[in-house]
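> Provide a 3D model corresponding to the input given below.
(chains A and B)
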Number of protein chains: 2
Amino acid sequence: MAILVTGGAGYIGSHTVLTLLKRGDDVVVLDNLVNASRESLSRVEKLADKKATFIEGDILDRACLRTLFTQHDISAVIHFAGLKAVGESTRMPLEYYQNNVTGTLILLEEMRAAGVNQFIFSSSATVYGADAPVPYVETTPIGGTTSPYGTSKLMVEFILRDFAKSNPEFKTIALRYFNPVGAHESGQIGEDPNGIPNNLLPYIAQVAIGRLEKVNIFGGDYPTKDGTGERDYIHVMDLAEGHLKALDHIASISGYKAYNLGAGVGYSVLEMVKAFEKASGRTIPYQISPRRDGDLAAFWADASLADKELNWRVSRGIDQMMRDTWKWQSSNPQGYK
Amino acid sequence: MAILVTGGAGYIGSHTVLTLLKRGDDVVVLDNLVNASRESLSRVEKLADKKATFIEGDILDRACLRTLFTQHDISAVIHFAGLKAVGESTRMPLEYYQNNVTGTLILLEEMRAAGVNQFIFSSSATVYGADAPVPYVETTPIGGTTSPYGTSKLMVEFILRDFAKSNPEFKTIALRYFNPVGAHESGQIGEDPNGIPNNLLPYIAQVAIGRLEKVNIFGGDYPTKDGTGERDYIHVMDLAEGHLKALDHIASISGYKAYNLGAGVGYSVLEMVKAFEKASGRTIPYQISPRRDGDLAAFWADASLADKELNWRVSRGIDQMMRDTWKWQSSNPQGYK
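Predicted coordinates for the structure are as follows:
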């Protein structure tokens, strides 16, 4: 039996596939390569010394999924595939809802047709919306999302909840990621966004190597320790391991469960810049710009439920996040290209 | 230019098509006839003395929509098509999300491709969720829905809001229906559910003509005037006229607007039974059963926004609702069959 990983050539997907292969699991990767590279999987296979089965295809392509489930014996699905840029989602909401919501619906229908009943979903802390008390805890009702990206994650959680209620065979875990950063310690795989990065750390890293001029920090007057926004950063290898813990746990749950995957602590943007300077030995020029619409001042996870029920917690701190990001970026200045 | 009415052969759709044809509008009806009858449209055309263009097809069928928009010059879309049984939605959530959410996404994409920018959507009072203060008012945030049916309506409202924000050409009105009942005064068209009716009034009507034995009233111990649930019933012809008012108003709005379409007053289930007995001259046997999960005690509309901005209000009361339902049911004991 193999694990199907959709979006397995992307940033979090590739680190999770590596972790699965390393422990000996058989993996089928489905990826449309819209925001990912085939090269990432070649490197993953070298690092793991084990091959994955790669299928280039789209979750919106029902025939492709049907063939996949016919030709491979899948025990569980880890579903990363989707569009993920908050700003872009406000300009292209229909595309975000089609890819993220309809894509998941088709995947669930084809899983049901194939009798595959275990599903781990890439959700996001953004499902808590703008008004949730901090730290975010899984018992807080989700909603009040502020972008089509966030709303698409919210919708999929509602669909998973309702589908699990209707189908006692189906077990699903939604993992609510906080802010994934870092790279595998080898520096061989990492985050390789198309175009200008949307996320802070790839942006800082590209400033450090000179691809970008300076870091724009949006908002210097938040009610935080130094006025810049605070987020809960989590090393991508800790996150990858969280998926394996969820996979090991899923048979014992009933229905739908959600877990926060975060460090449980907030770092400010300025702290991240300073830590990156320390790890890279480079000066990172930055400027404080006005706040962006929809950005929150500060949030972080209450990660105690995953600790208790999944036996999972982060083991990598901010210095390692920076060191590994720098290793990846400095040895691959143009990413996988 | 014609108005496209999806689901135009169904209950509310057919009454709206009749109202459009009667005032001289050209109408294209798209309906998959899953929960509707071709006969309803034949009768509508006779009553209006004007033909509509009928296309048997599904909103999930992108090619069908593309052909439709190529072959017809559409100025606005009134979108009724969708699945609508609350109880069934809890058993078939994926089908509800596909039909109601994905179907609307495909329709919006094909409208965009064809340059059609006016969209009136069949939403529902259920989008206010279980905890909204009564009467429901449009300024209350929507959410907290209690069934996949209700959540699918909520999702579409979010999609319309986000799409309108991203596209300044697009104008959309979500009409939040309360409880539509009644039939056209001719008795020629009315509500004709498949199988056992899910809604109160068709159920009562089928008891009155002897197709069903007695009315089950779910909950006799609510904190209401007589212990049974209270709802805001609205005559389907008032509702149909609300769509025309929305159509006349839509060019003047910007973006996304929602309006309650309700009477602004609650009637209890027992009051409805008694009023139907009076209108039909028949005795309606009933029994009080335990409450159903997810049912609310009482809710009704604050309908003042539609009054003010659409110049719309109900003009038909409970006696006419009952008289018209009885005329339809007694002259068509097997519906359209």
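> pick out the residue of the stretch 101-250 of chain A closest to chain B.
A:D162 (3.9 Å; C-beta to the nearest C-beta). No exception for glycine: its C-beta is placed from N, CA and C like everyone else's.
> ok, and the closest non-adjacent residue to that residue?
Spatial nearest neighbour of A:D162, excluding adjacent residues (C-beta to C-beta, 6 or more residues apart in numbering or on different chains): B:P93 at 3.9 Å.
> if I look at that neighbour, what pLDDT would I see?
Note on B:P93: pLDDT of 98.
> can you check A:R292 too?
89.
> report all helices and strands that whichever strand or helix holds A:K46 contacts.
Counting by DSSP states H and E, the element that carries A:K46 is helix A:38-48. Packing contacts for helix A:38-48, counted by 3 or more C-beta pairs under 8 Å, 6 or more residues apart in numbering or on different chains; DSSP states H and E, involve helix A:11-22, strand A:53-56.
> now those in TSV, with mean neighbour count?
Below are these laid out as TSV (neighbours: other C-beta atoms under 10 Å in any protein chain shown):
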stretch	mean neighbour count
helix A:11-22	26
strand A:53-56	16
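> those: which one's closest to chain B?
Here strand A:53-56 is closest among the helices and strands packed on helix A:38-48 (C-beta to the nearest C-beta), at 22.5 Å.
> quick one: distance of that closest one to the chain centre.
20 Å (C-alpha atoms, centre = their mean, to the nearest Å).
> that one - which strands sit beside it in the sheet, and in what orientation?
strand A:26-31 (parallel) (DSSP bridges).
> list the buried residues of the helix holding A:K46.
Neighbour counts over helix A:38-48 (16 or more other C-beta atoms under 10 Å in any protein chain shown) mark A:39-45, A:47-48 as buried.
> re the thing from before, quick one: the residue of the stretch 101-250 of chain A closest to chain B and B:P148 touch, right?
Yes. At 4.6 Å, A:D162 and B:P148 qualify as touching, with contact defined as C-beta atoms under 8 Å.
> got any residues that touch both of those two?
Common contacts of A:D162 and B:P148 (C-beta atoms under 8 Å, 6 or more residues apart in numbering or on different chains): B:90, B:93, B:97.
> looks to me like A:I217 is in a strand.
Yes. Assigned with DSSP: H, G, I helix; E, B strand; the rest coil, A:I217 falls within a strand.
> picking that back up, tell me the angle of the helix holding A:K46 relative to helix A:11-22?
Calculated by axes from the mean of the first three to the mean of the last three C-alpha atoms, to 10 degrees, helix A:38-48 forms an angle of 30 degrees with helix A:11-22.
> contacts for helix A:38-48, please.
A:8-10, A:14, A:17-18, A:21-22, A:29, A:51-52, A:54, A:56, A:184, A:186, A:188-189, A:192, A:336.
> SS state for A:A258?
State at A:A258, reduced to three classes by three-state DSSP: strand.
> now, which of the shared contacts of A:D162 and B:P148 lie within helices?
Among those, the ones falling in helices (DSSP state H) are B:90, B:93.
> which of the shared contacts of A:D162 and B:P148 sits closest to B:D73?
B:Y97 (31.7 Å; C-beta to C-beta).
> so which bits of the stretch 1-150 of chain A are right by chain B?
A:90-94, A:97-98, A:101-102, A:105, A:108-109, A:112, A:141, A:143-144, A:148 (C-beta under 8 Å from any C-beta of the partner chain).
> helices along the stretch 51-200 of chain A, start to end?
A:62-71, A:86-91, A:93-96, A:103-114, A:148-166, A:200-208 (DSSP state H, counting those that start in this stretch).
> over to the stretch 201-337 of chain A?
A:236-249, A:269-280, A:304-305, A:318-331.
> and the ones you listed as TSV, adding distance to chain B and mean neighbour count?
As requested, the helices of the stretch 201-337 of chain A are exported to TSV (distance: least, C-beta to the nearest C-beta, whole Å; neighbours: other C-beta atoms under 10 Å in any protein chain shown):
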stretch	distance to chain B	mean neighbour count
helix A:236-249	22	22
helix A:269-280	27	20
helix A:304-305	22	16
helix A:318-331	32	21
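> mind putting these into JSON lines with mean pLDDT?
Output for the helices of the stretch 201-337 of chain A, formatted as JSON lines (pLDDT from 0 to 100):
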{"stretch": "helix A:236-249", "mean pLDDT": "98"}
{"stretch": "helix A:269-280", "mean pLDDT": "96"}
{"stretch": "helix A:304-305", "mean pLDDT": "98"}
{"stretch": "helix A:318-331", "mean pLDDT": "96"}
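> okay, the ones you listed in a markdown table with distance to B:I217 next?
Formatted as a markdown table, those follow (distance: least, C-beta to C-beta, whole Å):
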| stretch | distance to B:I217 |
| --- | --- |
| helix A:236-249 | 45 |
| helix A:269-280 | 59 |
| helix A:304-305 | 42 |
| helix A:318-331 | 61 |
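> relative to B:D226, which of the ones you listed is closest?
Closest among those, using C-beta to C-beta: helix A:304-305, at 45.1 Å.
> quick one: residues in contact with that closest one.
A:137-138, A:259-260, A:264.
> buried only: go through these for me.
If we count by 16+ other C-beta under 10 Å, the contacts of helix A:304-305 have these buried: A:138, A:259-260, A:264.
> and which of those is nearest to B:Y286?
Using C-beta to C-beta, these come closest to B:Y286 at A:E138, 43.4 Å.
> these two touch, right, that closest one and A:G262?
No. A:E138 sits out of contact with A:G262 when judged by C-beta under 8 Å, with a separation of 11.3 Å.
> closest to chain B among the buried ones among the contacts of helix A:304-305?
The nearest one, if we look at those relative to chain B and count by C-beta to the nearest C-beta, is A:E138, at 17.2 Å.
> now that closest one: how far from A:A297?
Distance of A:E138 to A:A297, given as C-beta to C-beta, to the nearest Å: 22 Å.
> and A:E88, by the same measure?
Counting by C-beta to C-beta, the gap from A:E88 to A:A297 is 23 Å.
> list the contacts for the residue nearest to A:A48 when sequence neighbours are not counted?
Excluding the flanking residues, the one nearest A:A48 by C-beta to C-beta, 6+ apart is A:L21, at 3.6 Å. Residues in contact with A:L21 (C-beta under 8 Å, 6+ apart) are A:27, A:44-45, A:48, A:50, A:52.
> if anything else comes up later, I'll come back, but that's it for now.
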